[in-house]
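Enquirer: sequence first, predicted coordinates after that:
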Amino acid sequence: MIRIGIVGCGKVTQIRHLPEYAARPDCCITALYDVNAERAQALAQQYGATAYSTCEALIASDEVDAVSVCCPNEKHAEVTIAALRAGKHVLCEKPMAITLEECEAMVDTARECGKKLMIGQNQRLAGAHVKARELILQGEIGKILTFRTAFTHAGPETWSVDPGMQTWFFDKKKAAMGALADLGIHKTDLIQYLTGQKIVEVMAHLTVLDKKFADGSPITVDDNAFCFYRMDGGATGTMTAGWTNYGAEDNSTVLYGTEGVLRIYDNPAHTLVLNRCNGETVYYDVEKIQTNDNQTKSGVIDLFVDWLNGKDVDAISGESVLPAMRAIFAVLEASEKKCAVRVGN
């Protein structure tokens, strides 16, 4: 039985981590911590866990084998590293951390402590993405030439456990980045996963177009990120992340190859469409993508627990996410300097 502690009891914990751990017969939720003590206590009673008064006490507890890190971005590295050093395995929500140095320290600490570190990049697990990767590896669209990938919705102010314009997502001190960290990291990681290529150069424009705090002042992080990526295998394309899409959520990716086109979550009627260069179209109706309004099982918790149980799984390790984080920090630099930036190794 794997005993789980969770740091941070916000929306992602309530909608995904808690119910998905609780559904596993080989897991037991034993410990919760949140800066809002009443929230942690109420959830602890619901799930038969103990609410801890400090994060440090939870991490030090002998009743915890693994920790889910679901606190604001600024604390990801601090909590993760402390948990790893305390002998716990860690599942950390995205974005991994707020500096590249922190990300690398998390991976190094996991390696030094002999513990598992996984990052919640759940888009790798979505059915159409898994199938698309399979088709690409089979050569169905030939060599990938270009792509466009986007993740846009109306913003986190309705998703956050404390809804409204004062959500921590809009606070640069707590979040560091806005739509780029919330949504762009998903599609940055995904495009490398799908293509099998790494991003080597970026150009970008991060901006605040519409979001405001309650007093009417602009939020202190980006509400839109427009990025151009060049890959080491020759593919080039765009990645767009935004919080100002006030229509249907867009979580689409289109890959253009020498032998055809793959349209992923781009067609309302079909989750995956293959357009071959000979005019033939093939439809694959695999599972629909999650949206803020339609939460389904993420697969992340199951993958993490299976990994801890020693099963041979394709875990989303911290090390495997580092290339995407390197690209994200290059995007920040490119937007600030208004020039192309090479992505480091």
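Expert: Yep, it's here.
Enquirer: hey, let's count contacts and neighbours off CA atoms from now on
Expert: Will do.
Enquirer: quick one: the residue lying farthest from the centre of the chain from Thr238, how far?
Expert: The C-alpha centroid of the chain is most remote from Asn278, which lies 36.2 Å away (CA atoms, centre = their mean). The spacing between Asn278 and Thr238, counted by CA to CA, to the nearest Å, is 26 Å.
Enquirer: can you give me the buried ones in the helix or strand bottoming out on mean pLDDT in the chain?
Expert: Within the chain, confidence by mean pLDDT, DSSP states H and E is lowest for helix 172-175 among all helices and strands, at a mean of 88. Going by neighbour count (16 or more other CA atoms under 10 Å), the buried part of helix 172-175 is Lys172, Lys174, Ala175.
Enquirer: what's the spacing between that helix and its chain's center?
Expert: Distance, stretch centre to chain centre, for helix 172-175: 17 Å (CA atoms, centre = their mean, to the nearest Å).
Enquirer: rewinding a little: looks to me like the residue farthest from the centre of the chain is in a strand.
Expert: No. Using DSSP: H, G, I helix; E, B strand; the rest coil, the assignment for Asn278 is coil, not a strand.
Enquirer: can you map out the helices along the stretch 101-250 of the chain?
Expert: Counting by DSSP state H, counting those that start in this stretch, the stretch 101-250 of the chain has helices at residues 127-137, 172-175, 179, 185-195.
Enquirer: which of those helices is buried the deepest?
Expert: Most buried of the helices of the stretch 101-250 of the chain, by mean neighbour count (mean count of other CA atoms under 10 Å): helix 179, with a mean of 29.
Enquirer: now that helix: mean pLDDT?
Expert: Helix 179 carries an average pLDDT of 97.
Enquirer: before we move on, back to that, redo the helices of the stretch 101-250 of the chain as TSV? Include distance to Ile264.
Expert: Shown next, in TSV, are the helices of the stretch 101-250 of the chain (distance: least, CA to CA, whole Å):
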stretch	distance to Ile264
helix 127-137	6
helix 172-175	29
helix 179	21
helix 185-195	11
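Enquirer: for these, which has the smallest mean pLDDT value?
Expert: helix 172-175 (a mean of 88).
Enquirer: quick revisit: after the least confident helix or strand of the chain, next one along is what?
Expert: Next along the chain after helix 172-175, taking DSSP states H and E as the criterion, comes helix 179.
Enquirer: where does pLDDT dip in the stretch 101-250 of the chain?
Expert: Along the stretch 101-250 of the chain, segments meeting pLDDT under 70 span 160-164.
Enquirer: let's go with 90 and repeat that
Expert: Applying pLDDT under 90 to the stretch 101-250 of the chain picks out residues 157-168, 171, 173-176, 214.
Enquirer: all strands for it, in order.
Expert: 117-119, 144-152, 199-207, 224-231, 236-242 (DSSP state E, counting those that start in this stretch).
Enquirer: quick one: which of these is nearest Ile191?
Expert: Among the strands of the stretch 101-250 of the chain, the nearest to Ile191 by CA to CA is strand 144-152 (7.6 Å).
Enquirer: residues in contact with that closest one?
Expert: 183-184, 187, 191, 195, 234-245, 249-258 (CA atoms under 8 Å, 6 or more residues apart in numbering).
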